[in-house]
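Asker: this one's structure only:
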């Protein structure tokens, strides 16, 4: 009997911890607020996957997935910004020098199942960066592939499958931190 109760408890625990990783994001309902529960989960379970930088005077921690290092050739590196004074989190997009000088960045999205389309990124506030990132995340859930266009040059947005997965994980962790999942 004790083994049955343990098994039932383990099944409930696993089901409670398993969230739908293929779930798309409703861009209109995104929020920056965090909860004590989501902060605790991030700090205990996910923080170890990130390089952490504290900016004490601003009251924020910057979390960058360890897949990206300082000499990375990736055009885009997302960073979770956690403002512990206000219990808010933001997603900051850091573009490499080659791309950060442009007023707008054209991203071509293609997939085997959907027709190709363009996303335009213009530097903006945290809401604009989050909206753009969530749109990329949703396209990833559809199997989208991404390329950046500059003049006639096309380069992959993610330089490897590992970088693509790190972007997806960062977005997922951010969405979980802000209560979407």
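Answerer: Arrived safely. What you see is a predicted model, and the numbers here were worked out from it, not measured in a lab. Numbers count the residues shown, from 1 in each chain.
Asker: For the chain, which segments are assigned as strands?
Answerer: For the chain, the strands defined by DSSP state E occupy 50-55, 60-65, 76-83, 88-95, 104-110, 117-122, 145-150, 153-156.
Asker: From the contact counts, what lies against the last one?
Answerer: Contacting strand 153-156 under the criterion 3 or more Cβ pairs under 8 Å, 6 or more residues apart in numbering; DSSP states H and E are the following elements: strand 145-150. Heads up, the C-betas are built off the backbone N, CA and C, glycines and all.
Asker: How far does the strand it packs on sit from its chain's centre?
Answerer: Counting by Cα atoms, centre = their mean, to the nearest Å, strand 145-150 is centred 18 Å from the centre of its parent chain.
Asker: residues making contact with it?
Answerer: 75, 98-99, 102, 105-111, 136, 139, 154-158 (Cβ atoms under 8 Å, 6 or more residues apart in numbering).
Asker: let's see it at 10 Å
Answerer: With contact meaning Cβ atoms under 10 Å, 6 or more residues apart in numbering, strand 145-150 is reached by 75-76, 95, 98-99, 102, 105-112, 116, 118-119, 121, 136, 139-140, 153-158, 164, 167.
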